[in-house]
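Colleague: prediction below, plus the sequence it came from.
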Number of protein chains: 2
Amino acid sequence: MNDLWFYENHTPGYEVRWKIKDILHDEKSDYQQISILETFELGRIMTLDGALQVSDRDEFIYHEMIAHVPLAIHPEPEKILIIGGGDGGALREVLRHHRVKNVAMIEIDRRVTELSRQYFPDISSGLDDPRARVDFADGVKYMAETNELYDVVIVDSSDPVGPAVQLFSYEFYQNCFARLHDDGILVVQSESPFFYGETFVNTYKNIAAIFPQTMSYLTTMPGYISGPWAFTLGSKKYDPLVPAAEREAIAGMKYYNEEVHSAAFVLPQYIKEMLR
Amino acid sequence: MNDLWFYENHTPGYEVRWKIKDILHDEKSDYQQISILETFELGRIMTLDGALQVSDRDEFIYHEMIAHVPLAIHPEPEKILIIGGGDGGALREVLRHHRVKNVAMIEIDRRVTELSRQYFPDISSGLDDPRARVDFADGVKYMAETNELYDVVIVDSSDPVGPAVQLFSYEFYQNCFARLHDDGILVVQSESPFFYGETFVNTYKNIAAIFPQTMSYLTTMPGYISGPWAFTLGSKKYDPLVPAAEREAIAGMKYYNEEVHSAAFVLPQYIKEMLR
């Protein structure tokens, strides 16, 4: 049997490799190289330009944490926007909230979504929900031009290289602020505080310069770079630490629960000090 | 310049590699292969039989969490035992508590401690404290034979291969229980719940079969395997979630604080379910 490995270079001095059972798909889309691989440790994975985006085994961690934290804080999350998130995982989690009336997902690369439908039936299972609308367009441009207003905006981007760079800019967050209702919430994935400290701190500072309340919260993703993984949340009105009283109970969570909500906002001293 | 990397095989399908500036030392001791390497990402590291044990850049996370959690719970932690921990990092943290009167450290491999003194002056800085006593002996045998009684026992072992296997056994934890005062606390490093689930669950179940209160708590170590890293704590009397009121304030922590204490005991749903 062949000894095949997928290599990911997290930094110039730190690489991981995952042993592969099978290469299921590999193509160059208009935006990036997309591969679908079957691994021994993480099950099926999708990589974009050589970076692991999503794996069947640990995707629940990232998707539950990017979706349920903001939706638990907002008492009436009816209209939701997802920028990026082409695999559909964040969408699937958002749709578990029955109070959500419609979700728009703006993904730049149609092929990411088509391949997720084909190879990740569980992750992509929300794409045909009648409350969901998927547009293949540039999220940065969409935010600059739309007149829609949202309750929650979720930025589920890849790393700030290639097509995702603008999704980490101050101007983009300003547009997100403008497209949120007066009690709206923005959440963005904000990278590894330990290994990509500058991106993490800049993201926090950009959002904190715009939103009245800004907080980062943490998880740790086995398939991503080691150590903590951060999300950063900007809120116009609601205290991120106080989940809405009317929040609905959602069964079958694999990561999120009420205690996890509060604990995720507790930052170790060294991360607190980075944000001072 | 040479392109040198240190490889670590976490599982048969998952490897990491860290780029090396310099190989400072390499020897075969009576127990294991010990290397001291200068890396780009983690600063100086010590490896034992090819597994990263300690790095200058992230050691504070592991050492603060293995030491300050049990010492914050116990109202009068005067007599402490550390099994393993030959680099001295757990000892250094324990000694920051002024109520600690004496600490015994039982390390099997004298060379680990000698090399830590030579190459990790900060990590090993507690070794000459008048309250500390270091014995180079087999921790399993020590626990079976000693008549001493302790307030807190900390098991800072390497992975359960080679010399550390017995440190994960039911019999060893029984001896720990017997060598603790009636209000004593045991804490053991208990591996990665995600990648080494069986070791994590067995460790928890072994301790829970002996101690009236058993809880696992989590951190994430950038230099170790990705995802959560667990410690498991058995307590004869004190509730692990309630730090002692008289607890002393210790300045200069880089990871631990009161909120981190509580948050670390909050387990994601999938880990809670593993322990049911």
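Modeller: The structure has been received and is ready for your questions. Residues are numbered from 1 along each chain as shown, chains lettered A, B, ... in the order given.
Colleague: so for whichever strand or helix holds A:Tyr204, what gets flagged as buried?
Modeller: Using DSSP states H and E, A:Tyr204 falls within helix A:197-208. For helix A:197-208, burial by neighbour count (16 or more other Cβ atoms under 10 Å in any protein chain shown) applies to A:199-204, A:206-208. No exception for glycine: its C-beta is placed from N, CA and C like everyone else's.
Colleague: just give me the closest of the residues you listed to chain B.
Modeller: Closest to chain B out of the buried residues of helix A:197-208 is A:Phe200 (13.2 Å), distances taken as Cβ to the nearest Cβ.
Colleague: the closest one - nearest residue in space that isn't next to it in sequence?
Modeller: A:Pro193 (4.5 Å; Cβ to Cβ, 6 or more residues apart in numbering or on different chains).
Colleague: which phi and psi does that neighbour have?
Modeller: The phi/psi pair for A:Pro193 (degrees, to the nearest 10) reads phi -60, psi -30.
Colleague: returning to that earlier point: and the helix holding A:Tyr204, how far from the chain's centre?
Modeller: Offset of helix A:197-208 from its chain centre (Cα atoms, centre = their mean, to the nearest Å): 16 Å.
Colleague: who are the packing partners of that helix?
Modeller: Other helices and strands packing on helix A:197-208, by 3 or more Cβ pairs under 8 Å, 6 or more residues apart in numbering or on different chains; DSSP states H and E, are helix A:170-178, strand A:180-189, strand A:213-219, strand A:229-235, helix A:269-274.
Colleague: so that helix versus strand A:229-235, what angle?
Modeller: Angle of helix A:197-208 versus strand A:229-235, following axes from the mean of the first three to the mean of the last three Cα atoms, to 10 degrees, is 10 degrees.
Colleague: compute the first-to-last residue distance for stretch A:187-194.
Modeller: Its first and final residues considered, stretch A:187-194 spans 20 Å by Cα to Cα, to the nearest Å.
Colleague: in that stretch, what counts as buried?
Modeller: Neighbour counts over stretch A:187-194 (16+ other Cβ under 10 Å) mark A:187-194 as buried.
Colleague: output the longest helix belonging to chain A.
Modeller: Longest helix of chain A, by residue count under DSSP state H: helix A:59-73.
Colleague: whether that helix contacts chain B - can you check?
Modeller: Yes: Helix A:59-73 lies within reach of chain B by Cβ under 8 Å from any Cβ of the partner chain, at A:60-61.
Colleague: ok now that helix, how far from the chain's centre?
Modeller: With Cα atoms, centre = their mean, you get 8 Å for helix A:59-73.
Colleague: leaving out chain neighbours, which residue sits closest to the residue nearest in space to the middle of chain A?
Modeller: Chain A has A:Asp156 as the residue nearest its centroid, 3.1 Å off, counting by Cα atoms, centre = their mean. Setting aside the residues directly before and after it, A:Asp156 is nearest to A:Gly85 in space (Cβ to Cβ, 6+ apart), at 3.4 Å.
Colleague: same deal with A:Asp87?
Modeller: A:Ser116 (4.2 Å).
Colleague: dump the residue contacts of the one you found.
Modeller: Counting by Cβ atoms under 8 Å, 6 or more residues apart in numbering or on different chains, A:Ser116 touches A:46, A:54, A:86-88, A:123-124, A:127.
Colleague: that one and B:Tyr270: what is the separation?
Modeller: 22 Å (Cβ to Cβ, to the nearest Å).
Colleague: now swap in A:His74 and tell me
Modeller: The gap separating A:His74 from B:Tyr270 is 25 Å, by Cβ to Cβ.
Colleague: go on, A:Lys79?
Modeller: 31 Å.
Colleague: now A:Leu149
Modeller: Distance of A:Leu149 to B:Tyr270, given as Cβ to Cβ: 36 Å.
Colleague: those two: which is more packed in?
Modeller: Neighbour count, other Cβ atoms under 10 Å in any protein chain shown: between A:Leu149 and B:Tyr270, B:Tyr270 has more, with 17 against 13.
Colleague: skipping adjacent residues, who's closest to the more buried one in space?
Modeller: By the measure of Cβ to Cβ, 6+ apart, the closest residue to B:Tyr270 outside its immediate chain neighbours is A:Lys254, 4.9 Å from it.
Colleague: wait, that neighbour sits on A:Tyr62?
Modeller: No: in this structure A:Lys254 lies outside contact range of A:Tyr62 using Cβ atoms under 8 Å: 11.5 Å.
Colleague: as a check, name the ranges of all helices in chain A.
Modeller: Using DSSP H, helices in chain A cover A:59-73, A:89-94, A:110-119, A:139-145, A:170-178, A:197-208, A:258-264, A:269-274.
Colleague: what angle sits between the first one and strand A:213-219?
Modeller: Taking the same axes, to 10 degrees, helix A:59-73 and strand A:213-219 form an angle of 150 degrees between their directions.
Colleague: how about the residues of the stretch 51-200 of chain A near chain B?
Modeller: Residues of the stretch 51-200 of chain A lying near chain B (Cβ under 8 Å from any Cβ): A:58, A:60-61, A:194-195.
Colleague: can you pull out the low-pLDDT segments for chain A?
Modeller: Flagging of chain A using pLDDT under 70 yields the residue ranges A:1, A:245-248.
Colleague: which of the helices of chain A sits most buried?
Modeller: helix A:89-94 (a mean of 27; mean count of other Cβ atoms under 10 Å in any protein chain shown).
Colleague: about what we covered before: reformat the contacts of A:Ser116 as TSV; add neighbour count.
Modeller: Formatted as TSV, the contacts of A:Ser116 follow (neighbours: other Cβ atoms under 10 Å in any protein chain shown):
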residue	neighbour count
A:Met46	25
A:Val54	24
A:Gly86	31
A:Asp87	26
A:Gly88	30
A:Ile123	24
A:Ser124	21
A:Leu127	18
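Colleague: right, and out of these, which lies closest to A:Val266?
Modeller: When those are ranked by distance to A:Val266 (Cβ to Cβ), A:Val54 comes first, at 26.6 Å.
Colleague: can you tell me how far the nearest residue to A:Met253 once chain neighbours are set aside sits from A:His25?
Modeller: For A:Met253, ignoring the flanking residues on the chain, the nearest one in space by Cβ to Cβ, 6+ apart is B:Gln269 at 5.2 Å. Noted for B:Gln269: a distance of 31 Å to A:His25, by Cβ to Cβ.
Colleague: A:Lys79 now?
Modeller: Per Cβ to Cβ, A:Lys79 is found 34 Å from A:His25.
Colleague: who's more crowded, those two?
Modeller: Between A:Lys79 and A:His25, A:Lys79 has the larger neighbour count (other Cβ under 10 Å), namely 19 against 14.
Colleague: need the contact list for that one.
Modeller: Each residue near A:Lys79 by Cβ under 8 Å, 6+ apart is listed here: A:100-103, A:148-151.
Colleague: also A:Asp49?
Modeller: Contact analysis of A:Asp49 by Cβ under 8 Å, 6+ apart lists A:32-33, A:161-162.
Colleague: now the buried members of those.
Modeller: The neighbour-count test (16+ other Cβ under 10 Å) applied to the contacts of A:Asp49 identifies A:Gln32 as buried.
Colleague: so which of the contacts of A:Asp49 sit within strands?
Modeller: Among the contacts of A:Asp49, the members falling in strands (DSSP state E) are A:Gln33.
Colleague: nearest to chain B, of the contacts of A:Asp49?
Modeller: Using Cβ to the nearest Cβ, the contacts of A:Asp49 come closest to chain B at A:Val161, 18.5 Å.
Colleague: apart from its neighbours in sequence, what residue is nearest that closest one?
Modeller: Leaving aside its sequence neighbours, A:Val161 sits nearest to A:Asp49 (Cβ to Cβ, 6+ apart; 7.5 Å).
Colleague: send the alpha carbons of stretch A:65-81 over as PDB?
Modeller: Extracted C-alpha coordinates of stretch A:65-81, given in PDB (Å, rounded to 0.1, in the frame of the first residue of the first chain):
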ATOM      1  CA  MET A  65     -18.800  27.300  18.600                       C
ATOM      2  CA  ILE A  66     -19.100  29.700  15.700                       C
ATOM      3  CA  ALA A  67     -22.900  29.400  15.500                       C
ATOM      4  CA  HIS A  68     -24.300  28.700  18.900                       C
ATOM      5  CA  VAL A  69     -22.400  31.300  21.000                       C
ATOM      6  CA  PRO A  70     -23.800  34.300  19.100                       C
ATOM      7  CA  LEU A  71     -27.300  32.700  18.700                       C
ATOM      8  CA  ALA A  72     -27.500  32.000  22.400                       C
ATOM      9  CA  ILE A  73     -26.700  35.600  23.200                       C
ATOM     10  CA  HIS A  74     -29.300  37.200  20.800                       C
ATOM     11  CA  PRO A  75     -32.900  36.800  22.100                       C
ATOM     12  CA  GLU A  76     -34.500  36.900  18.700                       C
ATOM     13  CA  PRO A  77     -32.000  35.700  16.100                       C
ATOM     14  CA  GLU A  78     -34.300  35.700  13.000                       C
ATOM     15  CA  LYS A  79     -32.200  36.900  10.100                       C
ATOM     16  CA  ILE A  80     -28.700  35.500   9.900                       C
ATOM     17  CA  LEU A  81     -25.900  36.100   7.400                       C
END
